[in-house]
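when you get a sec, could you give me coordinates for this:
(one chain, ligands or ions: 2)
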Amino acid sequence: MVTPRRDSGADRPQLTGARVLVVEARYYDDIADELLAGATAAIEAAGAEAVVVTVPGALEIPQTVAILLEAAARARKPYDAVVALGCVIRGETGHYDIVAGESARALMDLSVMLRLPLGNGILTVETEAQAQARARVAEMNKGGGAAEAALSVLALRRAEEAGRQDRTIGFTPRRLEAQ
Ligand SMILES: Nc1c(NC[C@H](O)[C@H](O)[C@H](O)CO)[nH]c(=O)[nH]c1=O
Ligand SMILES: CC(=O)[C@@H](O)COP(=O)(O)O
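Ligands and ions are numbered 1, 2, ... in the order given. Modelled structure (predicted):
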């Protein structure tokens, strides 16, 4: 069985002064608490600032990101990266596919169109147990992983802008060994 690469933390870039917009959907409060704790810890560990905004559900995340990016640019306080956090659990109808698929598609469209470092930490799961295991900081810490993914792209962008050839892999998804 293959497992995702584990990040030792040794080669994590510092991104002092970076502003990271975290938009979290609180459809499931307990899951949201864990995702947010993991994401903010990762952002702070990189020396960056997290600005957290809360929306009702995953479908509201892309539109909120678009609105807030535009407002921040207008105010000349742009964000350097975005982290989306949420949880979609399959129900009885086909609505799951719309919420899970459309939120991911719109975020991907935004990130590519705007050249925006963006970590997608919206869980898409079959059961609450799957969601808890993935959200918990002490287990899979997917909120932290999404933040680290966005920060990794931001570090790469900064290296490119500085004319360096870094190929940063310092932040990668990681899975703690089962306890
Ligand atoms: N079922 C889930 C939703 N549904 C709500 C939508 O995201 C949205 O708020 C509503 O359709 C109004 O636009 N949202 C989640 O984040 N997770 C779910 O499991
Ligand atoms: C992901 C959803 O939107 C889901 O929770 C909705 O449940 P249902 O399909 O039972 O209405």
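
list the buried residues for stretch 63-78?
Across stretch 63-78, burial judged by 16 or more other C-beta atoms under 10 Å covers 64-66, 68-69. Every residue, glycine included, has its C-beta placed from N, CA and C.

chain center to the one helix or strand V82 maps to, what's the gap?
Using DSSP states H and E, V82 sits in strand 81-89. Distance of strand 81-89 from the chain centroid (C-alpha atoms, centre = their mean, to the nearest Å) equals 6 Å.

likewise stretch 117-127?
Centre-to-centre, stretch 117-127 and its host chain are 8 Å apart (C-alpha atoms, centre = their mean).

state the mean pLDDT of it.
For stretch 117-127, the mean per-residue pLDDT is 98.

can you tell me the helix or strand for the residue of the chain found nearest ligand 1?
Ligand 1 sits closest to G57 of the chain, with a gap of 2.3 Å, by C-beta to the nearest ligand atom. Take DSSP H and E as the rule and G57 turns out to sit in neither a helix nor a strand.

so it is in contact with A25, correct?
Yes: contact criterion C-beta atoms under 8 Å: G57 and A25 qualify, at 5.1 Å.

which neighbours do the two share?
Residues touching both G57 and A25 (C-beta atoms under 8 Å, 6 or more residues apart in numbering): G86.

which part of this protein gets nearest to ligand 2, residue-wise?
At 2.0 Å from ligand 2, G91 is the closest residue in the chain, using C-beta to the nearest ligand atom.

what about that residue, which SS state?
Secondary structure state of G91, per DSSP: H, G, I helix; E, B strand; the rest coil, is coil.

quick one: it from E24, how far?
Distance from G91 to E24, counting by C-beta to C-beta, to the nearest Å: 21 Å.

just Q63 next, same as before
Taking C-beta to C-beta, one finds Q63 at 14 Å from E24.
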